[in-house]
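1. Task: produce atomic coordinates for the following.
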Amino acid sequence: MEQFRGVGDKATLVKITVLRGNNLRGNKAESILNYVRAEFNGIVLGDSQKLDAAVDQGVDYNFTCSFECSDAAHTLDDMAHKPVILTVIEVLPKEKKQKEEKTAVIGQAIVDLLPLLHGQVSFLSTVLLHPTPGSPAEAASQEGSCKVGPSLDVTVCVPEPLLSGVQLSDSNLLKVTVETAYSVPEVWNPVSGSGPLSSYVAALQVPLTAEKEQVLMFSNGLLKVGGESEPMGRPRKWPLGPLLAPGAQFIPGVSMEGEPIEMEDGDLTSIEDRDFRKEAETNKKRVSWDTERRCFLDAEGAACLTRRIAESRLWPVEVMRSPQVGATKGGKAGKDKGGEDETQLSFHGVAYVDMAPLLYPGARRVRGAYRLYPFYDSDLLVKAKRNISVLRESIRAPATQGRGRAPSSVGSCKAVPSKMLDGGHKGGKDTKESPKRMYADSRTYIIIEIALEKSLVPKRSPEELAKRVMELIPPRAPLPRRPAGAERAVQEYQAQIASVAGQVLEQYQQLFGPAFLPGEKPLDPSSQEQRKTKLLGELNYSGKYFAFKEQIKYFVVRIVREKMLRTEAFSDPEQLQTFLSQLYVFLVDEMHVALNKTLSVDAQETQPRPLVDCAQLIHFAKEAQLNGDYQLAAQYYQEQLTRDRSDPAHWFDYGVLYMLTADYQKAEECFHYAVSMEQTHLPSLLMCGILAEMGGRLEEAETFFEGATCVDPANVVAWTLFAWSQILYVCNNNTRVGFTAQSDLGPDTEASVVTGSQSCQGNKPGEGYKGGAEAEPSAMRHLATPTRLNTTIYMETVQFLLQNNALQMAQRALAQELLCPGGGLSSSYHLALARLQMLRAEYGSAESSLKEALNDSFQDPDVWALFGHIHHLTGEFGKAQECYERTLDFVTDATDTHPIYLRLGSIYLQEGEFQRAKTTYLRACKSSPSCLTWLGLGIACYRLGELTEAEDALTEANILNNGNAEVWGYLSLVCLQTGRRLEAEQSYKYALQLNLQKEAVLHEIKALQDHVGFGNPCF
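-> Numbers count the residues shown, from 1 in each chain. All right, here's what the predicted structure looks like:
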């Protein structure tokens, strides 16, 4: 991270040049003698020369002044919230016996330096010159005689950018606006003449850098009587003291932007509170600040702000009533200082602003009405984890210097670093004048807005989604045309001829050996005839000849009926003979065609590729597991095995399913099958050892684990499990061997996060267990775990065990993680523990573990995704929706987004938000398509009335799984809507045949059938 300038760095010179004054008007009717004075941060930068100008004409000042920006004085934060004040002063003509010249302020202009903090090196601005009360310019503006108001042309420049590109991208600008406190207590309004005039102060402490914190003081809050609402769009004020020109106190181009109450983030947002707020904001007294304070945050300050919000989501904004400056003259200074402090902290209240929404990806603003409570140290400690009152400390500091007064304007004070505590603290009332129920009875609330120029947590940019469903459907070769009638009869006859030829060839090979051997001479005719005779005799003797005739007879009859179109007996013998001759010729020709296809190498037909490959079958199976449909998951795994029973990964996947259903006997059989197929399949070796240890067969378990370490000597999981097995079975010597070998992997292994299946560097293929070999890609897939920067050997083992549903061993590994020197209660530990508890249906404990995980990794999408899954499983769909939306808004993807899309889309469908459901399912179909994602997309499109899009999506879902009854149900609805009778009936029959369970869909189909008058075969 690039460091920001420090005190010792070279300061940057900021030059302000006043080029010209326009439409100036003074006390004299003809011309005015005037000059410009520039101020910044309470310091006068200089005066221009005195120039004479005609009224309502321009004057060229060309006056340049400057100041140095550094961390010692005039900091970047000062430039963020303090403008340059330009005061135009008229020199009045001297009267008789007047020694010194008189001056009058014509007006003041404000120059905002914020563009310099946005990377600009110079800018030109024409700023309005606000007239002072009683000045000729004010009188002219009130009379309307001056169409164009007075203004100044100003340029500001620096020799180089104040911030480099990296600093500019990493820094942030915090804007805190205290608007108005409504329904203030009656005691806030002192009786006229009974005491000094009062102002009202609000304070908030924020971090600017990692070391420096600022107390933002909002003073000079004005008490107003009720009777009308505060106007919307009113300008915001600079955080400055009273200016000579009242109009100069407003920030140009920035106003109060209201929003509906239901969109606010504060406390009083319910329907019951709306009437009260309407009454309070119209008729009751209020205190108005309408002031915005900007804070420049460097990269460390922004990170510190993020961390503080994560530690404590509630931030206190303190409020009090303070006597105005000069109102306490004549009092005895130094007498009863405690009483003085108590007076200054009268009516001490606090509002707790929930800053957690700023940690939502892309969030940049919180605004709302926050309840005011009496200030108690104990409440501050419990809610905000702080033990220091920023108002008390800020007021006490000037009091110790003999200046016993509150700050007279909105400003900043360097704060004492607040202590984030976890223990108790003695609490009590700060003042005797604050009744305990004062704020509760009046229901006082204050409107506060806290905004950021850039979000603390970046949000994923919206991705480009397909405009039409067909764009997402992968291209496929057209399905082969199914033959029918005569063509089908001929093809079936040819298939039977090929089958009989194969059996005859097999019989020939049994009698005479291989029919064709390379390099052998062909048989002479007599030998061929002998073999033919012997073959026919064997076929007749065994009965196969007659079996073959019966096998072909049915298909010859089919050809007669379908191809020759003969279904009746012949009455004329000549016609019969003619027909038999034609049939014989046809059958012999087709026989030759079939035999040529069978015996020819070039004529081999390629089998069409299946529509779903093994990777998709695994995806569908895991999806079924997620939904608790273990029977469907087993069907997918079985189909995968039918594709290739010799692949150990297929048996391993099937065994993991049985681990999930706790059928450990069948799981062990599957893992043993996998090892028998490939003895170097590392995941299966490990799972065999785990199940053997769970069954008490410790020696067998040790054998499997030792074999795994030989297959991949660099595998952390294998060595960890091997060491555990030795602890349980062998003596201390062997135990030390295991852990020594494990430690020989060295700290480099843990530091570089070996993820389960890295091959051993320096070991050649062919060495190790059973002749050893490197782990196959299928084994690597099952050992792959998400790479994390801070992890231990036990957390790597936990990831493997949880991935493969070995919950008992995972619990043991988590216990070892707590004892490990590099482990402990980390975020990854709590996340893994929550996964384990969720798999065991301990949802309350899992939620508690995830809350602990959020303390260290609130930007981890996996934590929020797991939070959403738990809320979904417990039926809290609203909370699940919030967690899922937050997860998808992170720039970094969660480990597995597929269940997030599925469950979030189903929640949208339940809530009737069909457009959002369509968008979610479109993203799912783009990243991980399945039958359920296309089904969800089809339902959303159907509900939106997009029938063509719905049919495309449902058709794709049907291709991926034609056994889903709900897909057939919605296809029937689409066909009914589009008036296709036959297809509607067929889809409906399939839906009933597959036992459609959703009653709502069945009722909708039947109602639509009654409406259109078709679609039900029972009609």
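2. can you list contacts of stretch 230-237?
-> 177, 180, 249-251, 254-258, 281, 286, 288-292, 410 (C-beta atoms under 8 Å, 6 or more residues apart in numbering). C-beta here means a position set from N, CA and C on the backbone, and glycine is covered the same way.
3. Apply 7 Å and report the result again.
-> 177, 180, 249-251, 254-256, 258, 281, 288, 290-292 (C-beta atoms under 7 Å, 6 or more residues apart in numbering).
4. what comes up buried for it?
-> Glu230, Pro235, Arg236, Lys237 (16 or more other C-beta atoms under 10 Å).
5. Give me the buried subset of the contacts of stretch 230-237.
-> Thr177, Thr180, Gln249, Phe250, Ile251, Met256, Glu281, Ser288, Asp290, Thr291, Glu292.
6. Out of these, which sit inside helices?
-> Glu281 (DSSP state H).
7. quick check, nearest of the buried ones among the contacts of stretch 230-237 to Gly46?
-> Gln249 (23.1 Å; C-beta to C-beta).
8. I'd like to know which helix or strand in the protein has the lowest mean pLDDT.
-> Least confident helix or strand, the chain: helix 746-751 with a mean of 41, by mean pLDDT, DSSP states H and E.
9. Point out where the stretch 451-600 of the chain drops to low pLDDT.
-> 463-469, 476-482, 515-519, 599-600 (pLDDT under 70).
10. how about the helices in it?
-> 485-512, 525-542, 544-562, 573-599 (DSSP state H, counting those that start in this stretch).
11. Looking at these, spot the one closest to Leu944.
-> Using C-beta to C-beta, the nearest of the helices of the stretch 451-600 of the chain to Leu944 is helix 485-512, at 42.4 Å.
12. Show me what that closest one is packed against.
-> helix 525-542, helix 544-562, helix 573-599 (3 or more C-beta pairs under 7 Å, 6 or more residues apart in numbering; DSSP states H and E).
13. Where does the prediction get shaky in the stretch 751-900 of the chain?
-> If you take pLDDT under 70 as the line, the stretch 751-900 of the chain has these spans: 751-790.
14. before we move on, the earlier item: which of the buried ones among the contacts of stretch 230-237 sits closest to Asn995?
-> Glu281 (59.5 Å).
15. Model confidence for the nearest residue to Ala302 once chain neighbours are set aside, exactly?
-> In this structure, Ala302 finds its nearest non-sequential neighbour in Asn172, 4.4 Å apart by C-beta to C-beta, 6 or more residues apart in numbering. Note on Asn172: pLDDT of 92.
16. ok, how many other residues are close to Asn172?
-> Burial of Asn172 is recorded as 21 neighbouring residues (other C-beta atoms under 10 Å).
17. Just list whatever residues bridge to it.
-> For Asn172, the beta-bridge partners are Leu297 (DSSP bridges).
18. Kindly report the same for Phe250.
-> Beta-bridge partners, per DSSP bridges, of Phe250: Lys237.
19. try Arg367
-> Glu449.
20. how near is it to Glu876?
-> Distance, Arg367 to Glu876, using C-beta to C-beta, to the nearest Å: 27 Å.
21. More neighbours: which of those two?
-> Between Arg367 and Glu876, counted using other C-beta under 10 Å, the more crowded position is Arg367 (21 against 15).
22. give the contact list for that one.
-> Taking C-beta under 7 Å, 6+ apart, one finds Glu259, Glu264, Asp265, Glu449 in contact with Arg367.
23. As TSV, the residues you listed with secondary structure and pLDDT would be great.
-> Formatted as TSV, the contacts of Arg367 follow (DSSP: H, G, I helix; E, B strand; the rest coil; pLDDT from 0 to 100):
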residue	secondary structure	pLDDT
Glu259	coil	81
Glu264	coil	87
Asp265	coil	87
Glu449	strand	93
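24. Buried members of these into PyMOL, please.
-> Burial among the contacts of Arg367 is assessed by 16+ other C-beta under 10 Å; the matching PyMOL selection reads:
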select buried, resi 264+265+449
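25. Identify, from the contacts of Arg367, the entry nearest to Asp663.
-> Nearest to Asp663 among the contacts of Arg367, with distances taken as C-beta to C-beta, is Asp265, at 49.8 Å.
26. Just list the residues touching that closest one, thanks.
-> Contacts of Asp265 (C-beta under 7 Å, 6+ apart): Asp354, Pro357, Val366, Arg367, Gly368.
27. so what's the last one up against?
-> With contacts taken as C-beta under 7 Å, 6+ apart, Gly368 has the following neighbours: Glu264, Asp265, Gly266, Asp267.
28. List just the nearest of these to Arg274.
-> Using C-beta to C-beta, the contacts of Gly368 come closest to Arg274 at Glu264, 11.0 Å.
29. residues touching the residue lying closest to Ala634 once chain neighbours are set aside, list them.
-> Spatial nearest neighbour of Ala634, excluding adjacent residues (C-beta to C-beta, 6+ apart): Leu657 at 6.3 Å. Listed by C-beta under 7 Å, 6+ apart, the contact set of Leu657 reads Gln625, Tyr630, Ala633, Ala634, Tyr637.
30. which sections of the stretch 901-1019 of the chain are below the confidence cut-off?
-> Answering for the stretch 901-1019 of the chain: the residues below the bar, that is pLDDT under 70, span 1019.
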